[in-house]
Structures are given as structure tokens and as C-alpha cells.
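A.B. asks: Need a 3D model of the following:
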Amino acid sequence: MWVYVLPEGAFGFSGLRLLQIGCLCLLFILGGVIWWFSRLSRRLQSEIGIRKKVEQALLQSNKELASLSITDPLTGVNNRRGFFEKSNVALSQAWREDTNVSLLMLDLDNFKRINDQYGHPAGDETLRQLALILDQQKREHDVVGRVGGEEFAILLVGSDREHASNFSERILQRVRQLRIQVQDTQTQFGFTVSIGVAEVKDSLDDAWRLADTALYHAKDMGRDTIKVADW
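C.D. replies: Numbering: from 1, shown residues only. Alright, predicted model coming up:
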């Protein structure tokens, strides 16, 4: 009987070869998995980046919309809603710190005559220039708003009656020096404002009524003047 004997080491070589091939296959598969996960990770990072950009754009858009809802489009200062919202926040802080607060009500004198004589574009420019003066004169924590057609209000934080009166006098002086250029003409004109002043003690609404009454007294006194309300 014949018996075939494999050469010594033949089976071991084949097994090693198969093991090498198997390892290569595993490495190939592992490399494919790693590549796939890497591609998926990059895709996810890209999508996350896009989503973050969209969210940031939405946040910015919402901020702009919120700002537009409380901003007067003609003058760029707070509208009536914005003035009250910001004033109530400022008042809460001031009262916690036991700080004096005053309210100024301003009305542009004879505004209808400006519109009738020089036109509505000149009237709009007058409002813009008045708002600019108020915005330049206010301090960081003060609040300025256009609260009516030709009416403005300023909340002065850290301001007693004396300071509010001095501030009002500076406003009158700045306004008196201003000249408005009528568009497409050589004509210029000046204007004045009247101001009512009241300290804010119990509530903004109470101070509003006092300052508004003082404003009309200033009008009755001949305009271009200041009237401080008696509490």
C-alpha cells in the first residue's frame, strides 16, 4: 500500500498564506468601513455647519424683525412701543439702585406750518434732525423715543429735576442753532421745541401725565421754552 506524504511545512505555508489573505481582506473591509464613516462624519459636519448658519441667520433675522417692531422708521429712534418697553426695563434697574429718574416730553413747535410752507420732505427732515440731536445728547442708559407725530420723549436715568432742566436747556439751544435745508432750493429755516419735565416717582404713567401737562403749559407760555411739573 502506497502512502503519500506531504512535504514538511507544506500545510503550514498554505495556512500562513490563507491567513495573510484573510488579514488583507479584513484590512480592506476595515479600510472601507473607516472611509465610509469618515465620509459620513464629513457629511454630518457639513450638515451641522449648514444648520448652524441657518439658525444664526434666523436668529439675526428675528433680531432685526424685533428691532424693526420697536424702531421708528423715519428717525431711527424708538417708536412708542419701544420707548415704553425700554423705559420700563430702565426704571426697574433704577429703582433697585434707588436712582432718580426724570421724564421729558418734547413737541416740535408749529410743525403743521413747516409742512404747509416747506413741504412734507422738509418736515420729515426736521423730525430726523431733532431725533439726531436727542440721540446725541442722551447718555448710555437714557431712552429716546418718537411717541407721536411730532412728539418725542426722553427718559433720563440718574437725573433729578435740576439735571433734567439743564439737559432740556441744552436741547433748546441746540435746536435753535439748527437750520434745515429745503430740498432743491436755497431756502433754509429754523424751528423750536417746547419741553415738559417731570420726575418719575410712583409710575411712568403718572410721570407721563405730569410731563404732558407741563408740555402744554410750555406751549401756552409762548413755545420754545421749558416747564417743570410740580409733583
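
A.B. asks: And for residue 134, nearest residue in space, chain neighbours not counted?
C.D. replies: Using C-beta to C-beta, 6 or more residues apart in numbering and skipping residues adjacent in sequence, the residue nearest residue 134 is residue 144, 4.8 Å away. For glycine as for every other residue, the C-beta is placed from the backbone atoms N, C-alpha and C.

A.B. asks: quick one: which helix or strand includes the one you found?
C.D. replies: Assigned by DSSP states H and E, residue 144 belongs to strand 143-146.

A.B. asks: do residue 163 as well
C.D. replies: Residue 163 is part of helix 161-177 when elements are defined by DSSP H and E.

A.B. asks: what separates that helix from the chain centre, distance-wise?
C.D. replies: The chain centre lies 27 Å from the centre of helix 161-177; the measure is C-alpha atoms, centre = their mean, to the nearest Å.

A.B. asks: counting contacts, what elements does that helix pack onto?
C.D. replies: Judged by 3 or more C-beta pairs under 8 Å, 6 or more residues apart in numbering; DSSP states H and E, helix 161-177 is in contact with strand 101-108, helix 120-137, strand 151-157, strand 193-199, strand 226-228.

A.B. asks: Tell me which of these lies nearest to residue 181.
C.D. replies: Taking C-beta to C-beta, helix 120-137 is the member of those nearest to residue 181, at 7.8 Å.

A.B. asks: other SSEs contacting that closest one?
C.D. replies: strand 101-108, helix 111-118, strand 143-146, strand 151-157, helix 161-177, strand 180-181.

A.B. asks: got the buried residues for it?
C.D. replies: Neighbour counts using 16 or more other C-beta atoms under 10 Å place 122, 123, 125, 126, 127, 128, 129, 130, 131, 133, 134 of helix 120-137 among the buried residues.

A.B. asks: Export the residues you listed as JSON lines, with columns for distance to residue 44 and pLDDT.
C.D. replies: Below are the buried residues of helix 120-137 laid out as JSON lines (distance: C-beta to C-beta, whole Å; pLDDT from 0 to 100):
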{"residue": "122", "distance to residue 44": "59", "pLDDT": "97"}
{"residue": "123", "distance to residue 44": "57", "pLDDT": "97"}
{"residue": "125", "distance to residue 44": "54", "pLDDT": "97"}
{"residue": "126", "distance to residue 44": "57", "pLDDT": "98"}
{"residue": "127", "distance to residue 44": "53", "pLDDT": "98"}
{"residue": "128", "distance to residue 44": "50", "pLDDT": "98"}
{"residue": "129", "distance to residue 44": "54", "pLDDT": "97"}
{"residue": "130", "distance to residue 44": "55", "pLDDT": "98"}
{"residue": "131", "distance to residue 44": "49", "pLDDT": "98"}
{"residue": "133", "distance to residue 44": "54", "pLDDT": "97"}
{"residue": "134", "distance to residue 44": "52", "pLDDT": "97"}
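
A.B. asks: Of the residues you listed, which is the nearest to residue 93?
C.D. replies: Looking across the buried residues of helix 120-137 and measuring by C-beta to C-beta, the closest to residue 93 is residue 134, at 21.0 Å.

A.B. asks: Against residue 50, how distant is that closest one?
C.D. replies: Noted for residue 134: a distance of 43 Å to residue 50, by C-beta to C-beta, to the nearest Å.

A.B. asks: Neighbours of residue 80, how many?
C.D. replies: By other C-beta atoms under 10 Å, the residues close to residue 80 number 15.

A.B. asks: residue contacts, it?
C.D. replies: 145, 146, 147, 148 (C-beta atoms under 8 Å, 6 or more residues apart in numbering).
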